[in-house]
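**Q** got a predicted model here, sequence first, then my questions.
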Amino acid sequence: MAWFKRKEKGINTPTENKKDTPKGLWYKSPTGKVIDTEELEQNFYVSPEDGYHVRIGSHEYFEILFDDNKFKELDPNLTSKDPLKFEDKKKYSDRLKDAQDKTGLKDAVRTAVGKSGGEDIVIACMDFRFIGGSMGSVVGEKIARAADYSLKNKIPFMIISKSGGARMMEAALSLMQLAKTSAKLAQLADANIPYISLCTDPTTGGTTASFAMLGDINISEPGALIGFAGPRVVRDTTGKELPDGFQTAEFVQEHGFLDFISPRQELKRKINLYLDLILNRPVRNVS
């Protein structure tokens, strides 16, 4: 299967360098602000001085959004295969095993059902630590099954996107997930079940081209990178210089692709407020 072997070297950031949460006693934000990691955790992994939102994964988002961090994980043991026998510097099957060993995750998304503000919700959360949050067959299948669970039980659905795009090691199988997940979200729309899309840093590639931009409401955290192709590719294709802040959440909102931007500390309250309003429920005081 020589078609699926990369012959030229490209960008290949080691998985261990794609960290979500900070390690050590202190964390230094990109603007140079230093904060104790325990204080950072208590502040929802947001630097209090400059508002920088540190990348976090499904473990932290579930803790923030589910009441008392109680939830039932859906399809926790679903794992990817290697039907194309893809090989770059190492076999895809070996890279999957390495990613699983280093992250403790089965793949780049976890799905769960639980209560948020006392009401049921299904959440699918991507993890950038697992091969850059790339979208392969398992990511598409777990999101589709979570949408089915939401549809069957008439529970609001939420996806937290954090992805570098489609997983090249699965080629066309990865691209098929765009249509697959989009079709499932269309079924939720037909059944009048709310779907919330939260775009976090980064939300790019095939993720942006499918479920990340199909929410009944599309929201983001401050400063998140949101786009399809990278700035260099866009610049080379259009032959034009890009405006300041291009592909930041604030730029995307200004141009009509986001409904609002929420600091992480207010995320749970705002999501539940939206659901109360759209479902015609009594508005609750959610903290």
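**A** Received it, and whenever you're ready, just let me know what you need.

**Q** for the rest of this, base every contact and every neighbour count on C-alpha atoms.
**A** Will do.

**Q** show me where the stretch 1-150 of the chain has strands.
**A** Using DSSP state E, counting those that start in this stretch, the strands of the stretch 1-150 of the chain run over 26-28, 34-36, 71-74, 109-116, 119-126.

**Q** those: which one's closest to Ala249?
**A** Among those, the nearest to Ala249 by C-alpha to C-alpha is strand 119-126 (17.9 Å).

**Q** ok, and what's touching the closest one?
**A** Outside strand 119-126, the residues that touch it by C-alpha atoms under 8 Å, 6 or more residues apart in numbering are 57-58, 61, 108-115, 133, 143, 146, 149-150, 155-163.

**Q** helices along this structure, start to end?
**A** 37-42, 58-65, 92-103, 137-153, 171-190, 231-238, 249-254, 267-278 (DSSP state H).

**Q** which one of those has the poorest average confidence?
**A** Per-stretch mean pLDDT for the helices of the chain is lowest at helix 231-238 (a mean of 88).

**Q** list the contacts of that one.
**A** Under the criterion C-alpha under 8 Å, 6+ apart, residues 241-242, 246-247 lie in contact with helix 231-238.

**Q** quick check: chain neighbours aside, which residue is closest to Tyr45?
**A** Leaving aside its sequence neighbours, Tyr45 sits nearest to Val54 (C-alpha to C-alpha, 6 or more residues apart in numbering; 5.6 Å).

**Q** against Gly165, how distant is that neighbour?
**A** 20 Å (C-alpha to C-alpha, to the nearest Å).

**Q** and those two? which has more neighbours close in?
**A** Remark: of Val54 and Gly165, Gly165 carries more neighbours, 23 against 19, as counted by other C-alpha atoms under 10 Å.

**Q** the residue nearest to that one when sequence neighbours are not counted: how many residues sit nearby?
**A** Excluding the flanking residues, the one nearest Gly165 by C-alpha to C-alpha, 6+ apart is Gly205, at 4.0 Å. As a burial measure, Gly205 scores 20 neighbours (other C-alpha under 10 Å).

**Q** thinking again about what came up before, looking at the helices of the chain, which is nearest to Leu198?
**A** helix 267-278 (9.7 Å).

**Q** circling back: redo the strands of the stretch 1-150 of the chain as CSV? Include mean pLDDT and mean neighbour count.
**A** Converted to CSV, the strands of the stretch 1-150 of the chain look like this (pLDDT from 0 to 100; neighbours: other C-alpha atoms under 10 Å):
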stretch, mean pLDDT, mean neighbour count
strand 26-28, 91, 16
strand 34-36, 93, 15
strand 71-74, 98, 17
strand 109-116, 98, 24
strand 119-126, 98, 24
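
**Q** out of those strands, nearest to Ala172?
**A** strand 109-116 (19.3 Å).

**Q** what's next to that closest one, contact-wise?
**A** 58, 65-67, 70-76, 120-127, 133, 139, 142-143, 146, 268, 272.

**Q** mind listing what it pairs with, with the direction of each?
**A** Strand pairing for strand 109-116, using DSSP bridges, gives strand 71-74 (antiparallel), strand 119-126 (antiparallel).

**Q** Ser197 is in contact with Met213, correct?
**A** Yes. Proximity of Met213 to Ser197 meets the contact threshold set by C-alpha atoms under 8 Å, at 7.0 Å.

**Q** quick one: Ala99 and Phe128 touch, right?
**A** No. The criterion here is C-alpha under 8 Å, and Ala99 misses it with Phe128 at 11.0 Å.

**Q** kind regards, and thank you for your time.
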